[in-house]
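**Q** Sequence and predicted structure below; questions after.
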Amino acid sequence: MLKHKRLIIVVILLGVLTLWLVNLARTKYVIPILMYHSVDPAADNDNLLSVTLDSFQRQMRFLKEHRYNVISLKEVADIIKNKKKVSANTIAITFDDGCRDVYIYAFPVLKKYNFPAEVFIVVNEVGLVQENRMSWDEVNAMQASGLIHFGSHTINHPNLAELTSEETIKNEIQGSKKILEEKLGRRVDSFCYPSGRFNAKSRKAVIDAGYELAVATNPGKGSPNDDIFALKRLRISSNADNLFIFWVESSGYYNLIREGKRK
Ligand SMILES: [Zn+2]
């Protein structure tokens, strides 16, 4: 009889523990938003802003083979805003700066797997071929595919957290939106803070300009995971060449691991 009672208590405790873990996992899960810059076949290992084409191909194949649900940033914002349930293999892909090699090398890979992605362009840098920036024709070709969605990365790529002039802030945020809308022939609703730097003032300017979401890099532990005007992202650089590291980073719990480490 006593043995029975003990067994029942153990089973109940295990049940409670499992429920607690499942709940913890659910509340700590954050849709990973991958942040790439350049996809360069000749990228070297310590370049934080580049991955090699080979590495990018393997990462995208990994997502395909493991049946990740690759969604657009707009869908990410919609899920967060409406507190929708999401499967734990959901992920989004972004590229900053509008690098020309993204058009040349990454775009064909994304098309092959039918993965949507968001590209953030700096208005005054478009067409600077010597700076490895895509042209308006290339931007339009990517947009026409229906897979690639473009957002604003300001006009001049300033550090918005350091700008003091209201007018300059407004121009970089609202002005870039207007120019891009004319160039792309559609509404521009996503924004990316240059180098992930922002403050309350620039965040508010993004909302006031009519954007529906904004991405940062990783504002840190103090910042919420559900702020659609400062979405956290994971920088994928050459050190994610190892697919195990990529797998950990794209798991949805990486923020938790990293922020835990920082304590
Ligand atoms: Zn940038």
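**A** Thanks, I have the structure now. Numbers count the residues shown, from 1 in each chain.
**Q** so where's this structure uncertain?
**A** Scanning the chain for pLDDT under 70 picks out the ranges 1, 25-28, 219-221, 239-241, 254-263.
**Q** Tell me where the longest helix sits in it.
**A** Using DSSP state H, we find that the single longest helix of the chain is helix 2-28.
**Q** packing partners for that helix?
**A** In terms of contacts (3 or more Cβ pairs under 8 Å, 6 or more residues apart in numbering; DSSP states H and E), helix 2-28 is packed against no helix or strand at all. C-beta: built from backbone N, CA, C; applies to glycine.
**Q** Tell me the gap between it and the middle of its chain.
**A** Centroid separation for helix 2-28 versus its chain: 36 Å, with Cα atoms, centre = their mean, to the nearest Å.
**Q** i'd like the first residue to be 690 from this point on
**A** I'll keep to 690 as the first residue from here, and by that count the last item is helix 691-717.
**Q** And the next helix or strand past it?
**A** Going down the chain from helix 691-717, the next helix or strand is strand 722-725, by DSSP states H and E.
**Q** So the next helix or strand after that next one, near the ion or not?
**A** Next in sequence after strand 722-725, counting helices and strands by DSSP H and E, comes strand 727-728. No: Strand 727-728 lies out of reach of the ion by Cβ under 5 Å from the ion, never closer than 10.8 Å.
**Q** what's in contact with strand 727-728?
**A** 738-742, 745, 786, 788, 790-791, 794-795, 821 (Cβ atoms under 8 Å, 6 or more residues apart in numbering).
**Q** In this structure residue 745 contacts residue 725, no?
**A** Yes: counting by Cβ atoms under 8 Å, residue 745 sits close enough to residue 725 to count as a contact (7.5 Å).
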